[in-house]
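Chemist: sequence and predicted model, in that order:
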Amino acid sequence: MDKRTALAFGLIVLVIILLPYYYKAVLPPEQKPQLETEQLEQPSSDTLGTPLQSETIEKQVDTLEAETAEVRPESGDFFLEENPEFVTVTTPFYEMVFSTRGGVMVKCRLLEYEGQDDGKVQLIRPESRENLNLTLYRNGHLLDMRNVRFKPDKKQLFIPAEGEGRLVLRAEDPGGGWLQKTLTFRGDEYPFRMRLEAGGIEDLDPFYEVHWGSGLAITEPDTAQDIYYAKAYAYMGGELETFKGKGDKDISGRANGTTEWIALRNKYFEVAILPVTRPGEGVQFGMDAQPMMGKFRPKVFRAALNMSGRLDREIADFTVYCGPLDQKLITRVHPTLESTMNWGWKVIEPFSKLVLWALRSLHSFIPNYGLVLILFSVLVKIVVWPLTYKSTRSMSRMSAVQPKIKELQEKYKGNPEKINKAMMQLYKEEGVNPFSSCWPTLLQMPLLYALFIIFRSTIELRKAPFILWIKDLSMPDVVAHLPFSLPLYGAHIALLPIFMGVTQLLMSKVMITDPKQKATMYMMPIFMVLIFNNFPSGLSLYYALFNLWTYLQQTWLKQKGVIPGAKPSKA
């Protein structure tokens, strides 16, 4: 038993790390989202652009005019916008651009977050034209507002840190009917308020829809991870509904029921629309088919809130959040929004939240997240020390009875039933539990998996530097690129996985005592280096340190004579 425990520990950790890839390989391809869906025949022609760079407002407007010049849909009775203008709203947190065509959001740059190519993060895809679009109905006929002229009350709005500002976008028809969007922004927070009201529109039906029409842009250089985390959600009847898809087909779906919010996310950022005046009555989801972008296919989601009420008889307020997927920020908007974060399985979720809380607490007085991870690895080792010590003591006691077990196996050779009975009697007489060395290790598994989840998907480590060449703990610490790609390893060389492999080897040497397991002792570190080469450097740093502390711990226990086969120290 003692000879197998160290190997079991390594294999369990390996299984935890590889489990998401295993599920991806063995589960059948997902063809439908979880909600009721229907397949659409015509693919979308949308393409995915790169994040907006730090260009001037004039360049933004020129680009937007070129992108929207070809749109000419029907107008209802409202005036069409043939030559859209753009209104820029700037706060310390973001820079948003709204089009007078449809009164929709067409740009959202997050000023506190660096994007690709040294620009700021741009959440809106270049061809987006339906974000915060409104669809009305009159006598059952669709009145799509995305091409209607919305006159702004100002051309530009700047809001200081402690200030508040308002942008009014108003659409009118020849008969005197009107629809108005009033957007209220604060300089000290990400969410803003959107108020909808109307008047003078004959035969307006008592239902309408508020849309977010084109997902989120890819914001990270690791395109595969950004696409992997892309999803759309609705919180309905106290439960989270998740909309998924592969992006290779146009898909649409809908569900009815009390809806508190809809949200769309990528790896680190999120957009959410939350009705304030009254909850929504349902949700519409969709996904537009996308062409391959190199080796990957983007996921472009659509979502809309189904609302009841006539806007000419009651005002409707909404909260709109466009910002980082930060637990502290999104729970202020609505407590249930944190359900869109990746916490792992339900049994793991409490451990994940505890890990994130601990990292943030340490970061409150240690500004460098690399130093936070070093201290955190020490604290975790201290916490699990009693479990490790108990496991090691159990291994020692099991080792002491191994000669007697071999005698029993020789005595009752060829009779497994008698061997088992004799071994159980021996365990009873010696006061040994053959499983006592395993359960302390198993108790650590939720924590290890929670660490894996948090280090890979939380925004805290995004762009967080450590030292020298480690500029981003959420990305591999690449020091050289290869002219070819190796299976599992990739096309670059990262140093921290190699350091982790060395510490894994050291740890294996003090934990594995059976000469027959030497091959495993050398193969496991090599395999770990291969798979961690593409993982975030923060994850590699933590596991390397945890291995190092374990090696030092086991060396000390060996000197004290606790580890099987070791002689007590003279001290």
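Modeler: Structure's in. What do you need?

Chemist: for the host helix or strand of Gly323, name the packing helices and strands.
Modeler: According to DSSP states H and E, Gly323 maps onto strand 316-324. With contacts defined as 3 or more CB pairs under 8 Å, 6 or more residues apart in numbering; DSSP states H and E, the packing partners of strand 316-324 are strand 94-99, strand 105-114, strand 192-199, strand 269-275, helix 327-333. Heads up, the C-betas are built off the backbone N, CA and C, glycines and all.

Chemist: name the residues that touch the last one?
Modeler: Think helix 327-333. 189-191, 270, 272, 274, 319, 321, 323, 337-338, 340-341, 356, 360 (CB atoms under 8 Å, 6 or more residues apart in numbering).

Chemist: show me what counts as buried in the helix or strand just after that helix.
Modeler: Where DSSP H and E defines the elements, the next helix or strand beyond helix 327-333 is helix 349-363. Within helix 349-363, the residues that count as buried by 16 or more other CB atoms under 10 Å are 349, 351-353, 355-356, 358-359, 362-363.

Chemist: could you do stretch 413-426 as well?
Modeler: 419, 422-423.

Chemist: nearest to Ala230, of those?
Modeler: Using CB to CB, Met423 comes nearest to Ala230 of those, at 53.6 Å.

Chemist: what's the distance between the closest residue to Pro446 other than its chain neighbours and Gly309?
Modeler: Nearest residue to Pro446, sequence neighbours excluded (CB to CB, 6 or more residues apart in numbering): Phe351, at 4.7 Å. The gap separating Phe351 from Gly309 is 43 Å, by CB to CB, to the nearest Å.

Chemist: again with Gly102
Modeler: The gap separating Gly102 from Gly309 is 21 Å, by CB to CB.

Chemist: quick check: Gly282 is in a helix.
Modeler: No: using DSSP: H, G, I helix; E, B strand; the rest coil, the assignment for Gly282 is strand, not a helix.

Chemist: I'd guessed it sits against Gly253; true?
Modeler: No: the criterion here is CB atoms under 8 Å, and Gly282 misses it with Gly253 at 11.0 Å.

Chemist: most neighbours among the contacts of helix 327-333, please name it.
Modeler: Glu270 (26 neighbours; other CB atoms under 10 Å).

Chemist: quick check: bridge partners of it?
Modeler: Beta bridges link Glu270 to Arg265, Gly323, judged by DSSP bridges.

Chemist: quick one: it from Arg278, how far?
Modeler: If you go by CB to CB, the gap between Glu270 and Arg278 works out to 23 Å.

Chemist: Ser214 now?
Modeler: 26 Å.

Chemist: compare those two (neighbour count), which wins?
Modeler: Taking neighbours as other CB under 10 Å, Ser214 and Arg278 compare with Ser214 leading, 22 against 13.

Chemist: mind listing what the residue lying closest to Gln554 once chain neighbours are set aside touches?
Modeler: In space, and not counting its chain neighbours, Gln554 is closest to Val510: 4.2 Å by CB to CB, 6+ apart. Counting by CB under 8 Å, 6+ apart, Val510 touches 551, 554-555, 558, 563.

Chemist: any weak-confidence spans in the stretch 451-571 of the chain?
Modeler: Counting by pLDDT under 70, the stretch 451-571 of the chain shows low-confidence ranges at 511-521, 560-571.

Chemist: now do the strands in it.
Modeler: With DSSP state E, counting those that start in this stretch as the definition, the stretch 451-571 of the chain shows strands at residue ranges 478-486, 490-494.

Chemist: would TSV of those with mean neighbour count and distance to Phe158 be doable?
Modeler: Putting the strands of the stretch 451-571 of the chain into TSV (neighbours: other CB atoms under 10 Å; distance: least, CB to CB, whole Å) gives the following:
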stretch	mean neighbour count	distance to Phe158
strand 478-486	10	39
strand 490-494	17	42
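
Chemist: with distance to Met145 added, can I get those in a markdown table?
Modeler: Output for those, formatted as a markdown table (distance: least, CB to CB, whole Å):
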| stretch | distance to Met145 |
| --- | --- |
| strand 478-486 | 47 |
| strand 490-494 | 47 |
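
Chemist: point out where the stretch 151-300 of the chain drops to low pLDDT.
Modeler: Checking the stretch 151-300 of the chain against pLDDT under 70 turns up nothing.

Chemist: where exactly do the helices run in this structure?
Modeler: 2-26, 57-68, 223-228, 327-333, 349-363, 369-400, 402-411, 416-430, 439-443, 445-457, 495-511, 518-532, 537-559 (DSSP state H).

Chemist: so how far is the third one off the chain centroid?
Modeler: Distance of helix 223-228 from the chain centroid (CA atoms, centre = their mean, to the nearest Å) equals 10 Å.

Chemist: which outside residues touch it?
Modeler: Residues contacting helix 223-228 (CB under 8 Å, 6+ apart): 218-220, 247, 266-267, 293-299, 456.

Chemist: separation between the residue lying farthest from the centre of the chain and Ala422?
Modeler: What lies farthest from the middle of the chain is Lys411; by CA atoms, centre = their mean that is 57.8 Å. Distance of Lys411 to Ala422, computed by CB to CB: 8 Å.

Chemist: residues in contact with both of those two, list them for me.
Modeler: Joint contacts of Lys411 and Ala422 (CB under 8 Å, 6+ apart) do not exist.
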